[in-house]
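Q: requesting a structural model of the entry that follows:
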Amino acid sequence: MLVPRKKKTPGLLRVVLVDDHEVVRRGLRSLIDSYDDLTVVGEAGTAKEGVRRVGYEAPDVVVMDVRLPDGSGVEACREIVDRWPDVGVLILTSFADEEALMSAIMAGAAGYILKRIDAEALIDSIRRVGAGETLLDPAMAEPLFDRLRGHTVDDPLIRRLSPQERRILDLIADGKTNRQIAEEMFLAEKTVKNYVSNLLAKMEMSRRSEAAAYAARVATRHEHQYPPEEWTQ
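A: Numbers count the residues shown, from 1 in each chain. Predicted coordinates:
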């Protein structure tokens, strides 16, 4: 379960930029460095180099794209948050993608904004993340996920799963392979494999086909529920 990061005292915010387009990085650097309370201390064009830069530069905020040449910004975000929990990762992307949004939230991103944002709003977002705020409160992630997916949590086995595991279970039920799930959710295939193993263990099942069949039965039961669940909310 995600928890809010610690609030930070005001001061000069150190920022690392991770985007595979040099022109984008130059534009962001020029904008950010024009403010007295912000400074860009490092840049990277790949996920791997981005994680390394965070280790070298000890920034307060990482501004990260989702799609990078060597992998996903979501996976890089997860590694950064795991290793340096006080670093805020702000996802800045061109893709208004629901899967990327939910995956970023589950990876611990402090915010998710689109590149069409205006300059002042972007600077405000960086400051808020640097101050320890989250642009989407982590406490909202699980109920938001359930509302978007319409997945009942009344089922005792489904209730054992995290929101990310529930979404992966949905995709397994749709017949997706681990590779297809990884591509759709902006995750590494190895990460998806670990999620599948965990959800099978929680559901006390040994094969993904069992889990898929069970999820299908739950979905069918939910669709035929009367009165509909939303009537009671």
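
Q: skip ahead from the lowest-mean-pLDDT helix or strand in the chain and say which helix or strand is next.
A: Here the helix or strand of the chain ranked lowest by mean pLDDT, DSSP states H and E is helix 141-149, holding a mean of 53. Following helix 141-149 in sequence order, the next helix or strand is helix 163-173 (DSSP states H and E).

Q: mind checking how far that following helix is from the chain centre?
A: Centroid separation between helix 163-173 and its chain, computed with C-alpha atoms, centre = their mean, to the nearest Å, is 15 Å.

Q: same thing with stretch 89-103?
A: Taking mean C-alpha positions (C-alpha atoms, centre = their mean), stretch 89-103 and its chain are 7 Å apart.

Q: tell me the average confidence for it?
A: For stretch 89-103, mean pLDDT is 79.

Q: what's the span of that stretch, first residue to last?
A: Using C-alpha to C-alpha, to the nearest Å, the end-to-end distance of stretch 89-103 comes to 13 Å.

Q: which residues sit against it?
A: 19, 61-67, 73-74, 77, 80-81, 104, 107-117, 122, 125-126, 129, 135, 141, 145, 148, 163-164, 167, 184-187 (C-beta atoms under 8 Å, 6 or more residues apart in numbering). All C-beta spots, glycine's among them, are computed from the backbone N, C-alpha and C.

Q: ranges for the helices of this structure?
A: 22-32, 47-57, 73-83, 98-107, 119-130, 141-149, 163-173, 178-185, 189-202, 208-223 (DSSP state H).

Q: just give me the neighbour total for residue 69.
A: Neighbours of residue 69 under the rule other C-beta atoms under 10 Å: 9.

Q: and the gap between it and residue 47?
A: 8 Å (C-beta to C-beta, to the nearest Å).

Q: could you do residue 187 as well?
A: From residue 187 across to residue 47, the span is 12 Å (C-beta to C-beta).

Q: check residue 169 too.
A: 26 Å.

Q: cool, and residue 115?
A: Following C-beta to C-beta, the distance that separates residue 115 from residue 47 is 18 Å.

Q: any common contacting residues for residue 187 and residue 47?
A: By C-beta under 8 Å, 6+ apart, the residues touching both residue 187 and residue 47 are 72, 75.

Q: picking up where we left off before, who's more crowded, residue 115 and residue 47?
A: Counted by other C-beta under 10 Å, residue 115 and residue 47 do not tie: residue 47 has more neighbours, with 26 against 13.

Q: okay, the more buried one: pLDDT?
A: The predicted local confidence for residue 47 is 93.

Q: can you pull the contacts of the nearest residue to it once chain neighbours are set aside?
A: Spatial nearest neighbour of residue 47, chain neighbours left out: residue 76 (3.9 Å); criterion: C-beta to C-beta, 6 or more residues apart in numbering. When contacts are counted by C-beta under 8 Å, 6+ apart, residue 76 touches 18, 47-48, 50-51, 64, 68.
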